[in-house]
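Novice: Need coordinates for the below:
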Amino acid sequence: MTDHHPAASGTPAGAADVPDVTVVVGAYQAMPYLVKCLESVEAQTLGADRIEIVAVDDGSTDGTGEYLEEFAARSKVATRVVRQANSGGPGGPRNKGLSLARGRFVFFLDADDYFGEEALERMVAMADRAGTDVVLGKVVGVNRGAPKSMWKKTVEHADVYASNVKYTLSAQKLFRRELLVRHDMSFDTSMRTGEDALFTLEAYLRGSGVSIVADYTCYYLVGRDDGVHLTKSGSYAIRFESARRLMELIAELVPAGDRRDQLMVRPFTITLLPQFGPVVLGQSREVLADKFTLAAPLTAAHFTPGLARRLKPQDRLRLTCVALGKQDALLEIAAFLKAGTSPETVRGLRGEYLAYPGFRDRATGIPDTAYQLVGRPGRLRTAPDGARRRARKAARRARRIAGRALRKLGLRR
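Specialist: Numbering: from 1, shown residues only. Alright, predicted model coming up:
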């Protein structure tokens with residue numbers, strides 16, 4: 001381990017020497033992206049004397065470790081370099097960096113990415129002004145996509161439950177270190193995916209609040225040309241494990257009711273639902289059966305009516321099929337969705353429905369509520385007296401379309 005604390009930043013040891021921010025940089029095979037990453041830390045308007053870097057080289061063989069040593073020797077930003085054997089994931093380097101951090105705040109900066117020049121100054125000012133423990137700075141993708149829905153406006157105290165902050169659970173946030181220390185928080189290195197979501201959501205829920213800096217691009221999320229750090233697909237089983245852990249955290253920290261349902265939408269739609277889309281049409285029945293088995297305890301414990309009403313009809317319908325163990329019905333719906341056909345809207349006494357396959361088919365046994373259009377959470381759209389014949393006709397048409405798609409895919413004779 002190499003430590004460099006330049007005289008240029010030389011305030012006396014003790015409380016006055018505590019930097020505002022520790023930037024933790026976990027780096028693996030990070031060249032040449034690491035150069036711009038570290039330059040963006042040096043360029044911060046917050047000032048070199050208010051920042052420290054803890055950089056962890058996770059067993060790189062491309063010169064990453066050597067470059068970190070060189071940077072630490074010449075930079076005005078106090079930099080500590082740790083070189084260790086490869087840990088197999090980002091959680092290990094982040095945990096090491098966190099254990100060495102001294103700053104009032106910690107920011108986990110990926111070695112491929114970089115800051116906007118005013119990022120840390122703006123985020124620290126926000127945290128100090130609002131008294132919040134987590135600050136989200138606007139993220140923009142470079143050669144890749146990035147989350148967008150949560151950057152509509154700057155907010156001092158975001159509603160974790162009702163707002164879209166729950167849809168950005170990556171680790172690239174400003175965290176108050178006292179919160180992390182008080183709750184002994186760290187990244188779970190046993191998880192092969194989703195450890196950052198678990199860490200970040202816990203901070204959201206245990207902290208004093210979440211702020212959003214949306215009027216300035218704080219973070220540039222870089223897609224590498226070589227694709228080295230693209231998320232690996234991995235086994236579907238690890239996705240179910242990631243969903244399970246996130247659902248259990250929510251259930252542990254949020255009492256049953258509307259707020260819990262609001263948060264549960266995230267793991268159900270972002271992590272679980274993609275496993276039951278058109279992808280199932282190209283997988284074996286054995287794999288589908290295994291997915292249903294993995295999902296069963298999750299839907300049994302957490303798929304509540306309040307949660308279901310918050311979902312889009314096609315999402316609610318697919319998850320209802322999973323919850324009820326309706327594999328054949330799910331395949332028909334997946335084929336219908338892949339065919340790209342819009343379902344007919346049917347009006348009934350109790351509201352409006354989208355006639356996806358299985359609608360009002362007694363043999364399928366899926367309740368009408370799975371197909372129902374919903375207005376505000378918990379309130380159904382009312383409609384004029386409805387049309388049973390139209391409903392049956394639309395359901396038959398949906399089944400024919402799904403049947404044709406399944407035959408085309410070789411899943412039905």
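Novice: So in this structure, where's the weakest helix or strand by average pLDDT?
Specialist: Lowest on mean pLDDT, DSSP states H and E among the helices and strands of the chain sits strand 2-4, with a mean of 56.
Novice: Show me the chain divided up by domain.
Specialist: The chain is divided into the following domains under automatic domain parsing: 2-222, 236-408.
Novice: could those go into a markdown table alongside mean neighbour count?
Specialist: Just so you know, the C-beta spots here come from the backbone N, C-alpha and C atoms, and that holds for glycine as well. Converted to a markdown table, the domains of the chain look like this (neighbours: other C-beta atoms under 10 Å):
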| stretch | mean neighbour count |
| --- | --- |
| domain 2-222 | 19 |
| domain 236-408 | 18 |
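Novice: rank those by mean pLDDT and give me the bottom one.
Specialist: Lowest mean pLDDT within the domains of the chain: domain 236-408, at a mean of 87.
Novice: Report the distance from that domain to the chain centre.
Specialist: Per C-alpha atoms, centre = their mean, to the nearest Å, the displacement of domain 236-408 from the mean C-alpha position of its chain is 21 Å.
Novice: circling back to that earlier point, who touches the helix or strand that comes right after the least confident helix or strand of the chain?
Specialist: Following strand 2-4 in sequence order, the next helix or strand is strand 21-27 (DSSP states H and E). For strand 21-27, the surrounding residues in contact (C-beta atoms under 8 Å, 6 or more residues apart in numbering) are 34, 37-38, 41, 46, 50-58, 60, 64, 68, 90, 92-94, 97-98, 100-111, 120, 124, 174, 177.
Novice: ditto for stretch 252-259
Specialist: So stretch 252-259 is contacted by 161, 202, 205-206, 260, 263, 304, 306, 377-378 (C-beta under 8 Å, 6+ apart).
Novice: Kindly recompute the last result at 6 Å.
Specialist: 161, 205, 260 (C-beta atoms under 6 Å, 6 or more residues apart in numbering).
Novice: same deal with stretch 104-117?
Specialist: Counting by C-beta under 6 Å, 6+ apart, 20-25, 27, 30, 33-34, 36-37, 40, 43, 45, 94, 171, 174-177, 217-218, 220-222, 224, 229 sit against stretch 104-117.
Novice: got CSV for the contacts of stretch 252-259, with secondary structure and distance to residue 139 too?
Specialist: Shown next, in CSV, are these (DSSP: H, G, I helix; E, B strand; the rest coil; distance: C-beta to C-beta, whole Å):
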residue, secondary structure, distance to residue 139
161, coil, 21
205, helix, 21
260, helix, 27
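Novice: What are the boundaries of the helices in the stretch 251-400 of the chain?
Specialist: Counting by DSSP state H, counting those that start in this stretch, the stretch 251-400 of the chain has helices at residues 258-266, 285-302, 305-309, 313-324, 327-339, 388-408.
Novice: how about TSV for those, with distance to residue 360 added?
Specialist: Shown next, in TSV, are those (distance: least, C-beta to C-beta, whole Å):
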stretch	distance to residue 360
helix 258-266	27
helix 285-302	23
helix 305-309	18
helix 313-324	13
helix 327-339	13
helix 388-408	5
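Novice: coming back round to it: which of the contacts of stretch 252-259 sits closest to residue 284?
Specialist: residue 260 (35.0 Å; C-beta to C-beta).
Novice: Without its sequence neighbours, what residue ends up closest to the closest one?
Specialist: residue 254 (4.4 Å; C-beta to C-beta, 6 or more residues apart in numbering).
Novice: Give me the nearest residue to residue 269, chain neighbours excluded.
Specialist: residue 315 (6.1 Å).
Novice: how far away is the one you found from residue 370?
Specialist: 10 Å (C-beta to C-beta, to the nearest Å).
Novice: rewinding a little: any idea which of the helices of the stretch 251-400 of the chain gets closest to residue 85?
Specialist: Short answer: helix 285-302, nearest of the helices of the stretch 251-400 of the chain by C-beta to C-beta, at 32.6 Å.
Novice: ok, and what's touching that closest one?
Specialist: Counting by C-beta under 6 Å, 6+ apart, 240, 244, 247, 264, 275, 280, 322-323, 327 sit against helix 285-302.
Novice: Looking at those residues, spot the one nearest residue 181.
Specialist: Among the contacts of helix 285-302, residue 247 lies closest to residue 181 (C-beta to C-beta), at 26.3 Å.
Novice: Residue 150 in helix, strand or coil?
Specialist: coil (DSSP: H, G, I helix; E, B strand; the rest coil).
Novice: residue contacts, it?
Specialist: 164-165, 168.
Novice: Look up the closest residue to it, ignoring the ones flanking it.
Specialist: The shortest distance from residue 150 to any non-neighbouring residue, by C-beta to C-beta, 6+ apart, is to residue 164 (4.3 Å).
Novice: Centre-most residue in the protein?
Specialist: Nearest to the mean C-alpha position of the chain, by C-alpha atoms, centre = their mean, lies residue 169 at 4.2 Å.
Novice: before we move on, which element is the residue nearest to it when sequence neighbours are not counted in?
Specialist: When the adjacent residues along the chain are set aside, residue 169 lies closest to residue 197, with 3.8 Å between them (C-beta to C-beta, 6+ apart). Here residue 197 is covered by helix 195-206, with elements defined by DSSP H and E.
Novice: how far does that helix sit from the chain's center?
Specialist: 10 Å.
Novice: Equivalent analysis for stretch 103-116, please.
Specialist: On C-alpha atoms, centre = their mean, the centre of stretch 103-116 falls 18 Å from that of its chain.
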